[in-house]
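*Asks:* test case, fold it:
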Amino acid sequence: MKAVLSQVTEFLVGDTQADRVVPPTGFTATLTLFSAAAMAFLAVFALALSLATGRLADQWGAELARSSTIRISAPDGQLAAQTEAALKVLETTKGVDTARALSSEEQQALLEPWFGPDLPVDTLPIPQLIEVIETEEGYDAEGLRLRLAAEAPGAVLDDHTRWRRPLVRAASRLRMLGWASILLIGAATAAMITLAANAALAANTQVISVLRLVGARDSYIAQAFERRFTLRALTGAGIGMVLGMVAIALLPSAQPEGGFLTGLGFQGWHWLWPLTIPILAGLVAFGATRAAARKTLRDMP
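*Replies:* Numbers count the residues shown, from 1 in each chain. Below you'll find the model as predicted:
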């Protein structure tokens, strides 16, 4: 471990004489800083998207997995009786934690987003809903359906399976899209830094030739480019990361009425994840510059 830290420190400190090989300013420096900052900024949002959709998938899965709904449709004279019969069946069903019939106010609140606040629930033939919360072990859905068919013919069990699976699948695919975006951002960063490194090497061909004549090895020359472009990428990515985190912090906080978009951010220790972006950008820059420098120096006469 100490040997690795020593090598990293030596690399970051560098050699003043070797640094003169790489121009400190110019379009290659600007290109590296700007591309690293822009890609880090985008990576922060891609990371926030991945983490937010992961939380969303877990939340939807947990909430819908333990809840079910029984819908009772029956004539007015039988609705109360069938509701009571269904509740008695649920009381004796293994795996059911709690069960309760929703009040008219609760059912009106569920319908309000579609029909408005003035919906006359009492005068419309709206089915009675029963909320069922199951235990961790769960219940036998097919067995419960058979019992309900015998005791309350108008009762229909909805265990939310058809709703849960598409929602969780969609959230999981969004999470994969976020991680794929991060990989594409890394590839684009590597391509831009490779372009900048090749341009810098081509612009300093004469200087490199002179260094070779006085005995400098290719590894010594390549390390100068690797160090300079790695530090530029670290600096640019650090700036982009800070700007991205500030932008994420300024987003609206998670609100129930806001849905998914207001929860797009970091929570708790997840705020530490963006700190890895400059490190990864530095590693990408180091690898891209090393490959470009070694290839260019090998092809030079």
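*Asks:* okay, the nearest residue to G54 once chain neighbours are set aside and L56: tell me how far apart.
*Replies:* The shortest distance from G54 to any non-neighbouring residue, by CB to CB, 6 or more residues apart in numbering, is to R175 (5.1 Å). Just so you know, the C-beta spots here come from the backbone N, C-alpha and C atoms, and that holds for glycine as well. Distance, R175 to L56, using CB to CB, to the nearest Å: 9 Å.
*Asks:* what do you get for L283?
*Replies:* Distance from L283 to L56, counting by CB to CB: 30 Å.
*Asks:* residue contacts, the residue nearest to G54?
*Replies:* Taking CB atoms under 8 Å, 6 or more residues apart in numbering, we find R175 in contact with 49-50, 53-54, 57.
*Asks:* go again using 10 Å as the cut-off
*Replies:* 49-57 (CB atoms under 10 Å, 6 or more residues apart in numbering).
*Asks:* hang on, the earlier thing: looking at L283 and L56, which one has more neighbours?
*Replies:* A count of neighbours by other CB atoms under 10 Å puts L56 above the other of L283 and L56, at 21 against 14.
*Asks:* just give me how far the helix or strand containing that one sits from the chain centre.
*Replies:* L56 is part of helix 27-65 when elements are defined by DSSP states H and E. In terms of CA atoms, centre = their mean, to the nearest Å, the centre of helix 27-65 is set 6 Å apart from its chain centre.
*Asks:* packing partners of that helix?
*Replies:* Judged by 3 or more CB pairs under 10 Å, 6 or more residues apart in numbering; DSSP states H and E, helix 27-65 is in contact with helix 161-203, helix 218-249, helix 276-299.
*Asks:* next structured bit after it?
*Replies:* Going down the chain from helix 27-65, the next helix or strand is strand 67-72, by DSSP H and E.
*Asks:* mind listing what's buried along whatever helix or strand comes next after that next one?
*Replies:* Downstream of strand 67-72, the first helix or strand assigned by DSSP H and E is helix 76-91. For helix 76-91, burial by neighbour count (16 or more other CB atoms under 10 Å) applies to 79, 82-83, 85-87, 89-90.
*Asks:* packing partners of the following helix or strand past helix 76-91?
*Replies:* Sequence order places strand 96-101 as the next helix or strand after helix 76-91, per DSSP H and E. Contacts defined by 3+ CB pairs under 10 Å, 6+ apart place strand 96-101 against strand 67-72, helix 76-91, strand 128-134.
*Asks:* tell me the buried residues in the last one?
*Replies:* Yep, that's strand 128-134 we're talking about. Across strand 128-134, burial judged by 16+ other CB under 10 Å covers 128-130, 132, 134.
*Asks:* and the residue positioned nearest the centre of the chain, how close does it get to E142?
*Replies:* What sits nearest the mean C-alpha location of the chain, by CA atoms, centre = their mean, is S50, with 0.7 Å. Distance, S50 to E142, by CB to CB: 37 Å.
*Asks:* repeat that for L280.
*Replies:* L280 sits at a distance of 50 Å from E142 (criterion: CB to CB).
*Asks:* so between those two, which is more surrounded?
*Replies:* Between L280 and E142, L280 has the larger neighbour count (other CB under 10 Å), namely 17 against 9.
*Asks:* distance from the chain centre to stretch 275-287, please.
*Replies:* Relative to its chain's centre, stretch 275-287 lies at 19 Å (CA atoms, centre = their mean).
*Asks:* average pLDDT across that stretch?
*Replies:* The pLDDT scores in stretch 275-287 average 90.
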